[in-house]
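Peer 1: have a look at this fold, sequence not included:
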């Protein structure tokens, strides 16, 4: 670890106490901890505000830090690269693999095309995602918060940038306390400029999801992009900079409702990160050659405190602020290796384990529990419904709207005519031809406005909607035999060159018998 | 709780002093500084907003704000902008013959939309919102046209109207056979029976109809035709079809012969611009009965 690296400089304070041979005892209190129970607090009045405490998280090394790097790489990679992936659809359609096409009210995802009126597919995905989050939370606690949440990922990236320019914890603290020298000014400036650039890239990537990426990129650079694109790049540049660079843990603690809701998903068998006090206490610095008997494994080096991006001491037990990122596990395991004690003093464990804990290894994980079964079943049901809906999805959409005003028209020969607005949606990415047929009444004649021959195929462009005015007329003698003022009628649309077909029930209105 | 503050034992933090359910208390924690500053910023914003935009009601109106913003002015300017955007289409429609407009898909769709809007504003009062008509006001969806159902004929009817004093209006009247004493009431009744029998209307007094046949040939056929198929030039309705503007009952037909009816319609060219009239004609023609 860094503390062994002779080239690393520490503040004199860091060398005041050794927690164990070769292990620095950080003289630090977590910025967030319960106040000591002292009566003085009763007299001190509470101010109207509390300043944001500065947190200087030290870089950790280990399994969980690596996991976080990998998740960051994958999630940011997907976010920045996805809009640039091409997918040839032909037919003059956009060739972007994933495109939210507001102008044409559709969402393109590879060969899949979801229209605005089919938004329930997206709703289904959101429901499955939410249930998935519930399941993961009930099994492994705040893994979403700790690893995958955009706020966590971008904050992690911003902290890495800060470390690059201003150094790790100690160097950073020294820099903050030093007077405003040229070095401090340029290091701070470089940090903020890099943050803003990352924000700009984030906002830039966002708008690419809504318009052809290469075209928009060119437009953005040449100043010819739509105003709304610049506005959103601006909003996301600023929000990334403010939320990821400056606000950081404040977002999780004060703004995000999810930490509050999560409590409802946890039970005694949910994994969380905890300091195993039964093994660690009583904590005390450890001198070389001292026995480990009659004392805890915690050498009180506070390595877990200095790596925490939320500014808490995990040894105070479960806390709202803890996003369970696992960095304190990495830090503590490092120390345990150094002092020759087993790893896992801070570890993923469960409330049940903590309550019944011995100093030995933790009990196995109980995965099958009522709530995990409930969430899994709910996911399975939602997933099956989605799958069924997707598989039975028609490649055409037909809607029939009978004229309401007037309900019917009496013709000069005494026949009765009804009008219908028919909309044909072609969800394929090639033009297709359809035939429209109205059935259900003897002697019915169909005419389509703008088409001289109602039986001729009607072409609908690729991924397009065609609205048609269709008239259906019944001659006088047949109209008289209609049994009711509303006769069921079926409109069938069949593809001429394929086998897609769809029919809709509607009605034929007449004066009645 | 007066006098001394309550301190939470676990955290050592002062509570607000309220107790719920006997033991539930709330810690009195300070707000984050940024939160408070955002709150102050919102207050400043609100004051700025009051000064710049209309905000407070007064006894006789409201504070206008420095920008003088009004939603009505905004709408008027939007409407003006939209009108300007329509100009290319309107210009093209003005320059094209009405039958040519129908051949151009984008112009035609524009005209139908414009015609539908103008119909709702100007025509639906008499002809109904769905152009379904009413007694005395023709149904424009059907295929029966008193003054002709071609695009040009409809455009002319809309532009100059019917029996309204305009010099180009359709003006031919039907004689008031009863009121002016041209025919005796009994004869009128016979003619009415005959007219109703032509289109096969039920409950006709066949003997009376037979008696009225000669009178029809003598008095009515000049305009309505020997075969009663009407004459669009004179605005004489087709009496052999199933459509009756004033109803097909004996009373209604008798009244038509007695009074001559003489329905009127305004000359819309005096109120609407030629492009709107053209769009109205295209819209009406498209309703299903256009020739």
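Peer 2: Yep, that arrived. The model shown is predicted, which means the values in this text are computed figures rather than measured ones.
Peer 1: going forward, measure contacts and count neighbours with C-alpha atoms only.
Peer 2: Will do.
Peer 1: which bits of chain B sit near chain A?
Peer 2: Taking Cα under 8 Å from any Cα of the partner chain as the criterion, the neighbours of chain A within chain B are B:5-7, B:9-14, B:28-34, B:36, B:129-132, B:141-144, B:241-243, B:286, B:288.
Peer 1: the residues you listed in strands, which ones?
Peer 2: Taking DSSP state E as the definition of strands, the residues of chain B next to chain A contribute B:31-32.
Peer 1: in PyMOL, how would I select just the buried ones from the residues of chain B next to chain A?
Peer 2: Here is the PyMOL command that picks out the buried ones among the residues of chain B next to chain A, judged by 16 or more other Cα atoms under 10 Å in any protein chain shown:
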select buried, chain B and resi 6+7+12+13+14+28+31+32+129+130+131+132+141+142+143+144+241+242+243+286+288
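Peer 1: let me know how buried residue 135 is, in neighbour terms.
Peer 2: All of this is about chain A. Counted by other Cα atoms under 10 Å in any protein chain shown, the residues lying close to residue A:135 total 22.
Peer 1: ah, no, chain B please
Peer 2: The number of residues packed near residue B:135 is 12, by other Cα under 10 Å.
Peer 1: check the one 5 residues further on too.
Peer 2: Burial of residue B:140, expressed as a neighbour count using other Cα under 10 Å, amounts to 23.
Peer 1: same thing with residue A:105?
Peer 2: Applying other Cα under 10 Å, I find that residue A:105 has 12 neighbouring residues.
Peer 1: list the residues that contact the residue lying closest to it once chain neighbours are set aside.
Peer 2: The shortest distance from residue A:105 to any residue other than its chain neighbours is 5.3 Å, reached at residue A:116 (Cα to Cα, 6 or more residues apart in numbering or on different chains). Residue A:116 makes contacts with A:105-107, as judged by Cα atoms under 8 Å, 6 or more residues apart in numbering or on different chains.
Peer 1: between those residues, which is nearest residue A:411?
Peer 2: Proximity of the contacts of residue A:116 to residue A:411, judged by Cα to Cα, is greatest for residue A:105, which lies at 39.6 Å.
Peer 1: give me the pLDDT for the closest one.
Peer 2: Per-residue confidence at residue A:105 stands at 84 (pLDDT).
Peer 1: just the one 10 residues further on next, same as before
Peer 2: On the pLDDT scale, residue A:115 is placed at 84.
Peer 1: contacts for stretch B:62-74, please.
Peer 2: Contacts to stretch B:62-74, defined as Cα under 8 Å, 6+ apart, come from residues B:50-57.
Peer 1: now it: buried residues?
Peer 2: Going by neighbour count (16+ other Cα under 10 Å), the buried part of stretch B:62-74 is B:63-65.
Peer 1: for stretch A:236-250, same thing?
Peer 2: Counting neighbours by 16+ other Cα under 10 Å, one finds that the buried residues in stretch A:236-250 are A:236-241, A:243-250.
Peer 1: ok, now how distant is residue A:318 from residue A:153?
Peer 2: The span separating residue A:318 from residue A:153 equals 22 Å under the rule Cα to Cα, to the nearest Å.
Peer 1: neighbour count winner among those two?
Peer 2: The residue with more neighbours, out of residue A:318 and residue A:153 and counting by other Cα under 10 Å, is residue A:153; that gives 22 against 15.
Peer 1: so who does residue A:274 touch?
Peer 2: In this structure, residue A:274 makes contact with A:314-315, A:317-318, A:346-349, judged by Cα under 8 Å, 6+ apart.
Peer 1: what is the rounded mean pLDDT of the helix or strand hosting residue A:273?
Peer 2: When secondary structure is defined by DSSP states H and E, residue A:273 falls within strand A:271-275. Averaged over strand A:271-275, pLDDT sits at 91.
Peer 1: if we can go back for a sec, between the contacts of residue A:116, which is nearest residue A:448?
Peer 2: Nearest to residue A:448 among these, counting by Cα to Cα, is residue A:105 at 26.7 Å.
Peer 1: re earlier: from the contacts of residue A:116, which is closest to residue B:76?
Peer 2: Using Cα to Cα, residue A:105 is the member of the contacts of residue A:116 that sits closest to residue B:76, with 28.8 Å.
Peer 1: circling back: and the helix or strand following the strand holding residue A:273, how far out from the chain middle?
Peer 2: Beyond strand A:271-275 in the direction of the C-terminus, DSSP H and E gives the next helix or strand as helix A:277-280. Relative to the chain's own centre, helix A:277-280 is displaced by 37 Å; criterion: Cα atoms, centre = their mean, to the nearest Å.
Peer 1: buried residues, helix A:277-280. List them.
Peer 2: Applying a neighbour-count criterion of 16+ other Cα under 10 Å, the buried positions in helix A:277-280 are A:277-280.
Peer 1: list the contacts for residue A:144?
Peer 2: Contacts for residue A:144 were tallied using Cα under 8 Å, 6+ apart; they are A:133, A:137.
Peer 1: can you check residue B:276 too?
Peer 2: With contact set as Cα under 8 Å, 6+ apart, residue B:276 has these partners: B:114-115, B:118.
Peer 1: need those residues in TSV (columns: distance to residue B:176, secondary structure and neighbour count).
Peer 2: Rendered in TSV, the data for the contacts of residue B:276 read as follows (distance: Cα to Cα, whole Å; DSSP: H, G, I helix; E, B strand; the rest coil; neighbours: other Cα atoms under 10 Å in any protein chain shown):
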residue	distance to residue B:176	secondary structure	neighbour count
B:114	39	helix	21
B:115	36	helix	22
B:118	35	helix	18
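Peer 1: quick revisit: nearest to residue A:85 among the buried residues of stretch A:236-250?
Peer 2: residue A:236 (21.9 Å).
Peer 1: name the helix or strand for that closest one, please.
Peer 2: Going by DSSP H and E, residue A:236 is part of helix A:227-239.
Peer 1: wait, does that helix contact chain B?
Peer 2: No - applying Cα under 8 Å from any Cα, one finds that helix A:227-239 is not in contact with chain B, the shortest distance being 14.7 Å.
Peer 1: circling back to that earlier point, from residue A:87, how far out is the residue nearest to residue A:105?
Peer 2: Applying Cα to Cα, the value for residue A:116 to residue A:87 is 21 Å.
Peer 1: and for residue A:354?
Peer 2: As for residue A:354, its distance to residue A:87 is 52 Å (criterion: Cα to Cα).
Peer 1: low pLDDT regions in the chain?
Peer 2: Picked chain A for this. Applying pLDDT under 70 to chain A flags residues A:1-17, A:34-46, A:91, A:357, A:359-360.
Peer 1: should've been chain B
Peer 2: When the per-residue scores of chain B are filtered using pLDDT under 70, the ranges that remain are B:1-4.
Peer 1: helices along that one, start to end?
Peer 2: For chain B, applying DSSP state H gives helices covering B:33-52, B:71-95, B:98-103, B:105-118, B:124-127, B:151-160, B:185-198, B:206-215, B:221-224, B:250-259, B:274-285.
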